[in-house]
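J.: Sequence plus the predicted model coming up.
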Amino acid sequence: MKKVLEGSHAVAEAVRLSRVTVISAYPITPQTHIIEYLSDYVADGTLKASFLKVESEHSAIASLVGAASCGVRTFTSSSSQGLALMHEILHWTSGARLPIVMAEVNRALAPGWNIWADQLDSLSQRDTGWIQLYCEHGQEVLDTVFLAYRLAEAVSLPVMVIMDAFFLSHTYEPVDVPEQELVDRFLPAFKPKFQVDADNLVALSPLVTPNFYMEMRHNMAKAMEESILQLAEIEEDFSNIFGRYYGPIEPFLCDDAEIIMVTSGTVTGTSRQVIQELREKGEKVGLLKIKLFRPFPSEIIRKALGPAKKIAIIDRNFSFGAGGIFAQEVRAAMCNLSDCPQIFGYIAGLGGRDVTTDLLEDIYWRTKKSEVLSEESIWMGLQEENHAVERS
Amino acid sequence: MPLNVPEQDYMYPGHVACPGCGAAIAMRFFLKAMGEKIIIVLPACCWSIIAGAYPQMSLKVPVIHTAFETGGSVASGVRAALDMKGDTGTTVVTWAGDGGTFDIGFQALSGAVERNENFIYVCYDNEAYMNTGIQRSSSTPYGAWTTTTPGRSWKRMRKKNIVEALVAHRIPYAATASIAFPEDLVRKVEKAKDIKGSRFLHVYATCPTGWRIPSEISIKIARMAVQNNIFPLYEVEDGVKYTINYKPKEFPVREYFKLQGRFKHLTEGDLAEIQEMVNEDWELLLKKAGD
Amino acid sequence: MTEKKVPSKVTPLFFARSYLSTEDNKTGSWRFLRPRYEEKTAPCSVACPAGEDIGRIEALTNQGMFKEAWETILRENPFPGVCGSVCYHPCEAVCNRGEFDEAVAINAMERFLADTARKNEFKPFLTNLSAKKEKIAVVGGGPSGLSAAYFLTLLGYNCDVFEAETEPGGVLRWGIPQYRLPLPVLERDISLIKDQGVQIKTGIHISKEFLKEAGESYNAVFIGCGYSRSRELEIPGEDLKGIKDGLAFLNRIRHGEKPRLDGLSVIIGGGNTAIDVARSVVRLGGTPLIAYRRRKQDMPAFSEEIELALDEGVVLKELVIPVSVVPDKGDYIVTLHYMRIMGEDDRGRALVEPDGNKTEEMRVKNVFKAIGEETAESWCVPPHKGEGVVTLNNSTLDCRTGSAVLVFGGDLTNEIKSVVHAVASGKEAAIALDILFREGLDTVESKIRDCLVGNGSFCSMEIYMKGPRFDRSSHVVSYSEINADYFYLSQRITQPRLLREERLATFDEVNLKVSASMAIKETERCFNCGLCNQCDNCYLFCPDLSIVRDKTPQGRHINYDYCKGCGICVVECPRNAMILEEETNEESAGRESCGS
């Protein structure tokens, strides 16, 4: 059924339809709407779940470690500072091989306080062993929650469904909310691969000596790798039922493109328009949206970007002392190609600043005109220096 | 007469607790009283090691090892999951040290008991961060040497009164217990088992290694702590009803301190001061109990 | 795309979850101290001349195993009824519980067990060892003679007891008043001795000549004819008719006489006979006064007896000696000379001398002398140490004649003339003879030493026979070695007694019976020093689950595979029945499992 929903509401609807059993969360702007909707569902019985209103994000994720260890489907949601606070348990979750799903609303990290869109919060958690899926719009966010549960439970790893603050979380869009039977068909009840109960004598997550630790980590790595193949199968299943398909990456007009712009999140939507316009002007330009950031689908990306001459990567994040994080990952994936395209990294939209069509077009022309890489990262849309200088 | 303690054990030998470990004894008694229909949530503490390294386990009950500060939160999640699965017969137990309870895990614990989560939280208290090598905690008593309160910088702050902090949450049941008084301990565990909501047990557990005492007096020291009112045995129901379970004759604290290497620097003056503190705390407790 | 990768059917899932027990870790290899079960010796059992296993007796009584407890007495003492009534119980004086609150009422418990055995007609399960060829004659059917015969019988010897009186028992029958030792109690003990196989021939007076011919029928003769003659005062008037001999007076009463004794009677002496006479005088309507040369605390009589006597109205006059007795109009004028204290001897007794010419005259109806007894016949005096003579703690062996070996015992050799010392003497003599016959004279002294209880001077038959007591350490447990935290202050039972008024009118037994529940309560107080009473503290407090129950008499053993040697079991043993030693064999530490 088509509804006009804000992104947060779409997430909540997906969680409801996924028949999540235990929810635990702590409010943080801009995630609050998600948990408010869910509170209503649990309160009015629309969703038969236990919702723990814990005292911190740390406890939110930790309590789900407990719940998921008992073999039930779990959900949490957070953002920015909250996600940072969870960091320790994010590692724990994946190491314990718990299929927890989280909706992560990308928000900038303080100081100064900033509640607006910025990917550094989730990208800072890239090594925690969570699968990360970045979403572009309301429908995708809803669908991705279903995909996330299927994937998490298939490979016994946690999944983060990631969406930009406000641009997605608080933006109303038409969304097709599927019927419960369809969802149930795609996402049956959770059959845990292991669980703790009083009749099941096991000690989860004990001390592990150097004799075993490395093998366990290698096993996790294999599961991560496996998840790319799993996701492909799951998406096939999904498209068969729902008629929609996303893929780990989504190429747009890339086939004969000489320059490919690479985006993630809501910037992708704006970019589509720019690329369309540039194509109409005869420019050989394409767009590659990266949805699956962890595991990083290097091989698929190499295939998609390899034929291009230049690549312009737009990062709404910055790893200090290194560069835009997507740019680094793409460079790393591409570097061993014999005929590697030139790769340009652009930083744009940090802390919720608009990434406008003009700015994106500017990026294209700059890329086209540049013969050599002048900087590792090109910060776009910076104001005049003196404008920002602190007055004495 | 043999002490009246249930027969069944739920622990294996071969665990790696230090010789004379009070925490190991505490677990033994606790499980005897609890039985096997439980899930133990085990945040980082000495017991993370005692419970066994992969692929071994020293307990005959299921365990979820968790991060240091998550005793309250992980247990909340386990309880929620079991309830949703319709498993109301299994008791969820958090078994944490003083570091995980008094300090790093206090927030999660406070949160959990404020929500009156239906679980038993046991703090086995060995009065410092023992697993990491004897660093002070907020449970370390006034006067104690630790590796982070060395030499003349011995700890000059009083031990946090954790039971009172929990009582302030008005939980249904909070009690102290000691490894030297197994019958009392067992009775309290059995009582806690039959109560719904958040239950807190503060169990005094000697640490021969960290307290610099010979292992064989592990129980004796625990007994003395009760006898001289350093660790009174009492229980509080619904945050208001105090019952003191053991009222000792007047025993001076001096002997207790003299037996322990961690207090060897204390002067007679210091001991007199500590005696005052102990007396004051005891008076306060008597008042609360209306005795 | 050249090939399509397909996800594997089984997701890799190798992560941290434990499922095996820790039993493979043999933590015993950490151990540098080794706990071990080791029963030790209780001070009461050392002080008991009969060497009774008191700690065990109290433990069994506490468990309601009255027959077993009673049999445990019988292994060391054939007179549980008699000793339960009249023993001066030196055990209680050294009871560790005395330092905690009050000594355990060991004596009352012994009597309780004897009474219980009598009431239920228990038959003891005590088998005599296989028959030996040697025959032994016992001269005197008193406590030492009967004890010697009893223990010799247990050891497999054939014994004949020769008793001059018509009934056996000696001083027990004729010298101790019934209000202290009722006849049925005595007869029950004697009948059990007979049941064990002892032959008692009464009405046979043994003379010196018998000894000369004894060698033909007997390999040894035990001489235990006691001190039956009162010592002389050696003062003017002593020979007057009517000046009575205390022991003879008691004998007459036991034979059924009940003379009326109005007026004041003076009893000279401070021993048990003096007290018995005085208390008998009370019961015969008289007013007794005891005249004693030293102070009350110096009296050889047992203090409990003195207190009861004073309670019954006996008057004690200290620091006086009689100097003359003169008859006067049917009364006697006794002149007492006052004494003064010069100091104290090494045992703390007052040293006295006449206090100038200070005297006092006293008009009395009767005068009893009870200043002690001596042997009636000179041949009963044991020889001094020398070639062929072995002087032991409580008996003397004389092997000089080459025919029958002579053994002197009882009052003849004992410094303290008590029933329980007589038992000690008879037992020691029996063991000594067994050693002599089996291994020869040279080993007697050392072998006797091997069966002494603790570091004391009294033998244990069970130790001699290498029963379970043999394995105990001779270390005597002191109060500081008891973990007093496991005991609560509790009052010693008050021995129920006849009311004072009831006592004065009759010779009925003063002490009343103790009930089973009282006995169980009282024996709960016993520390059972050095003995395991299966309290299970070692098992309970072991952090390493290394105490394993089994079917051995110990009931449990230590699994050294896992025991880290923390020593908690040893400290938490309330009774010091364990020991912590340095681990000597490092090689074997943690590898051997000390099973049963």
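T.: Yes, it's here. Numbers count the residues shown, from 1 in each chain, chains lettered A, B, ... in the order given.

J.: burial of residue 6, as a residue count?
T.: By default, I'm working from chain A. Residues near residue A:6, counting by other C-beta atoms under 10 Å in any protein chain shown, number 20. (Each C-beta comes from the backbone N, C-alpha and C, glycine too.)

J.: Please refer instead to chain C.
T.: So residue C:6, with other C-beta under 10 Å, has 9 neighbours.

J.: check contacts around it.
T.: Going by C-beta atoms under 8 Å, 6 or more residues apart in numbering or on different chains, residue C:6 touches A:229, A:233.

J.: Could you rerun that using 7 Å?
T.: Shown in contact with residue C:6 (C-beta atoms under 7 Å, 6 or more residues apart in numbering or on different chains): residue A:229.

J.: What's the per-residue pLDDT of it here?
T.: As predicted, residue C:6 sits at a pLDDT of 73.

J.: you'd agree it is in a strand?
T.: No. According to DSSP: H, G, I helix; E, B strand; the rest coil, residue C:6 belongs to no strand; its state is coil.

J.: In chain C, which helix is the longest?
T.: helix C:419-439 (DSSP state H).

J.: What are the buried residues along that one?
T.: Residues C:419-437 are the ones in helix C:419-439 that count as buried (16 or more other C-beta atoms under 10 Å in any protein chain shown).

J.: what do you get for stretch C:191-199?
T.: Buried, per 16+ other C-beta under 10 Å, within stretch C:191-199: C:192, C:193, C:194, C:196, C:197, C:198.

J.: what pLDDT, on average, does it get?
T.: pLDDT averaged over stretch C:191-199 gives 95.

J.: ditto for stretch A:20-38
T.: 98.

J.: Give me every residue in chain B lying close to chain A.
T.: When proximity is defined by C-beta under 7 Å from any C-beta of the partner chain, chain B lies next to chain A at B:36-39, B:41, B:48-49, B:51-54, B:57, B:60, B:62-67, B:69-70, B:73-78, B:80-85, B:87, B:90, B:107-108, B:111.

J.: List only buried entries from those.
T.: When the residues of chain B next to chain A are checked for burial by 16+ other C-beta under 10 Å, the buried set is B:38-39, B:41, B:48-49, B:51-54, B:57, B:62-67, B:69-70, B:73-78, B:80-84, B:87, B:90, B:107-108, B:111.

J.: What about those residues, which are in helices?
T.: Counting by DSSP H, these place B:48-49, B:73-78, B:80-84, B:107-108, B:111 in helices.

J.: So for stretch B:174-182, mean pLDDT?
T.: Here the average pLDDT along stretch B:174-182 is 98.

J.: do the same with stretch C:486-494
T.: Mean per-residue pLDDT for stretch C:486-494: 93.

J.: cool, stretch C:507-524 as well?
T.: Averaged across stretch C:507-524, pLDDT comes to 93.

J.: can you give me how far it is from the chain middle?
T.: Relative to its chain's centre, stretch C:507-524 lies at 18 Å (C-alpha atoms, centre = their mean, to the nearest Å).

J.: do the same with stretch A:42-54
T.: For stretch A:42-54, the separation from the chain centroid amounts to 25 Å (computed by C-alpha atoms, centre = their mean).

J.: For that stretch, measure first residue to last.
T.: 15 Å (C-alpha to C-alpha, to the nearest Å).

J.: ok, is it in contact with chain B or not?
T.: Yes. Stretch A:42-54 reaches chain B (C-beta under 7 Å from any C-beta) through A:50, A:52, A:54.

J.: what's that stretch in contact with?
T.: Stretch A:42-54 is touched from outside by A:16, A:20-24, A:26, A:38-39, A:41, A:60, A:63, B:73, B:76-77, B:80, B:83-84, B:111, with contacts defined as C-beta under 7 Å, 6+ apart.

J.: And that stretch, what's buried?
T.: Applying 16+ other C-beta under 10 Å to stretch A:42-54 flags A:42, A:47, A:49, A:50, A:51, A:52, A:54 as buried.

J.: again with stretch C:272-290
T.: Buried-residue list, stretch C:272-290, by 16+ other C-beta under 10 Å: C:272-284, C:286-290.
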